[in-house]
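**Student:** the sequence isn't on hand, but the structure is:
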């Protein structure tokens, strides 16, 4: 079966939305809200969360640079397969290294699949103040080494498709991302979305693992 035949049968085009940002920036919360909206709207969508992947597919990886890059590579390959199958893959992954994120994008582009990079631009001080899992406190105390944003670097995206700032609701951020996604897939996903494009004024509160 060709991709076009699958798209016609499923009623939509697959794609990957890649949410990146510091731990606690709200990636998982935003991905979950987008998944809810897409599925309730009749679209096949699935959230690939760093925490879940670290306990299964990537359970053999640590938190050194090489293992983090391999983590991103594996998730990129899985997301590409989901997108090729007509699913909107919602990746919630810190993915701290720019080169590794770029490889994930190229993987999709070479396959002719839409890829939307979403940067949750929440400052480390805000993320540390949220700290729902206590990871920042442990890292600052020296009990959690190689923690992104404390003693391990995060390379800010230079040209993300969407920038989500630190003050808006989950709904506003989800609507914005869905509007940009719709512009890539042409599937009419963004119903009743705010007219702003490319940047939102905030992000939800949530915590993520050290992925």
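**Tutor:** Everything's here; your move. Predicted model only: the values in this text are computed from it and were never measured.
**Student:** flag the shaky bits of this protein, pLDDT-wise.
**Tutor:** 188-211 (pLDDT under 70).
**Student:** one more time with 80, if that's ok
**Tutor:** Residue ranges of the chain with pLDDT under 80: 1-12, 59, 132, 168, 187-211.
**Student:** pull out the buried residues from the helix or strand containing residue 102.
**Tutor:** Assigning secondary structure by DSSP states H and E places residue 102 in helix 98-110. Neighbour-count burial for helix 98-110 flags 100, 101, 104, 105, 107, 108 (criterion: 16 or more other Cβ atoms under 10 Å). Every C-beta, even on glycine, is put in place using the N, C-alpha and C of the backbone.
**Student:** repeat for stretch 177-185
**Tutor:** 177, 178, 179, 180, 181, 182, 184, 185.
**Student:** the fifth one and residue 127, how far apart?
**Tutor:** Meaning residue 181. In this structure, residue 181 lies at 25 Å from residue 127, with Cβ to Cβ, to the nearest Å as the measure.
**Student:** repeat that for the last one.
**Tutor:** Per Cβ to Cβ, residue 185 is found 31 Å from residue 127.
**Student:** same check on the second one?
**Tutor:** Applying Cβ to Cβ, the value for residue 178 to residue 127 is 24 Å.
**Student:** do a quick rundown of the strands in this protein.
**Tutor:** Counting by DSSP state E, the chain has strands at residues 15-21, 45-49, 88-92, 115-120, 162-164, 199-200.
**Student:** same for the fifth one, what does it pack against?
**Tutor:** Counting contacts by 3 or more Cβ pairs under 8 Å, 6 or more residues apart in numbering; DSSP states H and E, strand 162-164 packs against strand 115-120, helix 170-185, strand 199-200.
**Student:** could you do the fourth one as well?
**Tutor:** When contacts are defined as 3+ Cβ pairs under 8 Å, 6+ apart, strand 115-120 packs onto strand 15-21, helix 27-40, helix 98-110, strand 162-164, helix 170-185.
**Student:** got the angle between that strand and strand 88-92?
**Tutor:** 30 degrees (axes from the mean of the first three to the mean of the last three Cα atoms, to 10 degrees).
**Student:** give me the sheet partners of strand 115-120 and which way each runs.
**Tutor:** Strand pairing for strand 115-120, using DSSP bridges, gives strand 15-21 (parallel), strand 162-164 (parallel).
**Student:** just these: most buried one?
**Tutor:** Comparing the strands paired with strand 115-120 by mean neighbour count (mean count of other Cβ atoms under 10 Å), strand 15-21 comes out on top with a mean of 29.
**Student:** and it, how far from the chain's centre?
**Tutor:** In terms of Cα atoms, centre = their mean, to the nearest Å, the centre of strand 15-21 is found 3 Å from the chain centre.
**Student:** contacts made by it with the rest, please.
**Tutor:** 27, 30-31, 34, 79-80, 82-83, 88-96, 101, 104-105, 108, 113-122, 154, 157, 160, 164, 177, 181, 184-185, 203 (Cβ atoms under 8 Å, 6 or more residues apart in numbering).
**Student:** try 6 Å this time
**Tutor:** 27, 31, 79, 83, 88-92, 95, 108, 114-120, 185 (Cβ atoms under 6 Å, 6 or more residues apart in numbering).
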